[in-house]
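Engineer: One predicted model, sequence on top.
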Amino acid sequence: MKGLYICLLAFTLSACSTHMYVAKTEFADGDRTCLAQAYWYKTDYVIGSKADRVLTVMAGGQRTAVQYQERDGALVYMGEASRDVKVYGAAPVGREFPCGHVLGLHSLRQFTGERLSLSMHCQARRDELSVGQGYLPAQEAPYQFTVQRETLFSFTGAVPAAPRPPGCSPR
């Protein structure tokens, strides 16, 4: 009987609710309107919670996804001199430099709102061998994303499937 209680307790403690947050906004790309989306996961257990430390940002039009990571108390996309060109803000000092950040949020675990404000101040370095269009286009003003949350309850730690890459449509 004691073993049954221990099994039930372990089963109950393994229960969790996993939340997938998907943030979306639109941007102009020539004669098209493209969708940009960011997503992350947060899991609540009976005791405590955990959240991703990486915010993945994808933009429509066959663009490369980038990741904003928790770093020094902020969510930052760190560029590299070999692959990025700073378009807005101070020129980079070293090999790595901040290309973008999430405004007003230090950790994805803290997120509670319906809006996400995110900046991108760099563009991908282009040369004759470049195939893709880079990533979320650089702009001086931050992008304003609207956030939706999907919740999945599970005893096995299952997570919702990642969102499909966004696309573009003619204006």
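Structural biologist: Received the coordinates, thanks.

Engineer: all contacts plus neighbour counts: C-alpha atoms, from now on.
Structural biologist: Will do.

Engineer: would you list every one of the strands in this structure?
Structural biologist: Here the chain has its strands, by DSSP state E, at 16-29, 32-45, 49-51, 54-59, 66-71, 74-80, 84-86, 96-101, 115-120, 122-124, 139-154, 168-170.

Engineer: Quick check: which of these is nearest to Gln133?
Structural biologist: Set against Gln133 and scored by C-alpha to C-alpha, the strands of the chain come closest in strand 122-124, at 8.0 Å.

Engineer: who does the closest one pair up with?
Structural biologist: strand 84-86 (antiparallel) (DSSP bridges).

Engineer: Give me the mean pLDDT for the partner strand.
Structural biologist: What strand 84-86 shows for mean pLDDT is 87.

Engineer: Could you do stretch 121-137 as well?
Structural biologist: Here the average pLDDT along stretch 121-137 is 76.

Engineer: what does stretch 30-41 give?
Structural biologist: 92.

Engineer: how about that stretch: buried residues?
Structural biologist: Residues 33-41 are the ones in stretch 30-41 that count as buried (16 or more other C-alpha atoms under 10 Å).

Engineer: Which member of the residues you listed is positioned nearest Arg171?
Structural biologist: Ranked by distance to Arg171 (C-alpha to C-alpha), the buried residues of stretch 30-41 are led by Thr33 at 5.8 Å.

Engineer: circling back to that earlier point, go through the strands of the chain and find the least confident stretch.
Structural biologist: Across these, strand 49-51 gives the lowest mean pLDDT, at a mean of 72.

Engineer: Closest to Thr18 out of the buried residues of stretch 30-41?
Structural biologist: Once C-alpha to C-alpha is applied, the member of these that ends up nearest Thr18 is Tyr41, at 6.9 Å.

Engineer: That closest one and Ala91: what is the separation?
Structural biologist: Counting by C-alpha to C-alpha, to the nearest Å, the gap from Tyr41 to Ala91 is 33 Å.

Engineer: Can you point out the buried residues in stretch 92-110?
Structural biologist: In stretch 92-110, counting by 16+ other C-alpha under 10 Å, buried: 97-102, 105-109.

Engineer: which residue packs closest to Tyr41, ignoring adjacent ones?
Structural biologist: Spatial nearest neighbour of Tyr41, excluding adjacent residues (C-alpha to C-alpha, 6 or more residues apart in numbering): Met20 at 4.6 Å.
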